[in-house]
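K.L.:
Sequence plus the predicted model coming up.
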Amino acid sequence: PEVDRLASMAGKYKVYLVMGVIERAGYTLYCTVLFFDAQGQYLGKHRKLMPTALERVIWGFGDGSSIPVFGTPVGKIGALICWENRMPLLRTAMYAK
């Protein structure tokens, strides 16, 4: 229901929405980024790949299957979480998309 409300807001205000959230899947929590387009459609998500040492007590590991980059009329959008931005190979993979 929360994702539907975010999608509705993006559509209502005609904005692309990229939002960090804490996602619960089963018994695991993930640091996640959600993507919505200006028509209010959910585009996809990215889960943080590698929690830091202390985060591993709480957060799950992303599996790498979702490192999306979306084409929009204003250019491409994508996101990394926290220190993922300091990982040169991950950034390079995103730049290549």
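P.N.:
Received, thanks. Numbers count the residues shown, from 1 in each chain.
K.L.:
OK, contacts around the spatially most central residue of the chain?
P.N.:
Within the chain, the residue whose C-alpha comes closest to the C-alpha centroid is residue 33; the distance, by CA atoms, centre = their mean, is 2.3 Å. Neighbouring residues of residue 33 by CB atoms under 8 Å, 6 or more residues apart in numbering: 18, 19, 20, 21, 45, 46, 79, 81. C-beta coordinates here come from the backbone N, C-alpha and C atoms, glycine included.
K.L.:
got a winner among the residues you listed for most neighbours?
P.N.:
Per-residue neighbour counts (other CB atoms under 10 Å) across the contacts of residue 33 peak at residue 46, which has 26 neighbours.
K.L.:
In contact with that one, which residues?
P.N.:
With CB under 8 Å, 6+ apart as the criterion, the residues that contact residue 46 are 32, 33, 35, 62, 66, 67, 68, 78, 79, 80, 81.
K.L.:
repeat that with 6 Å
P.N.:
When contacts are counted by CB atoms under 6 Å, 6 or more residues apart in numbering, residue 46 touches 33, 66, 67, 79.
K.L.:
So which elements touch the lengthiest helix in the chain?
P.N.:
The helix spanning the most residues in the chain, taking DSSP state H as the definition, is helix 2-13. In terms of contact count using 3 or more CB pairs under 6 Å, 6 or more residues apart in numbering; DSSP states H and E, helix 2-13 is assigned no packing partners among helices or strands.
K.L.:
Could you list the buried residues of that helix?
P.N.:
Across helix 2-13, burial judged by 16 or more other CB atoms under 10 Å covers 6, 7, 10, 11.
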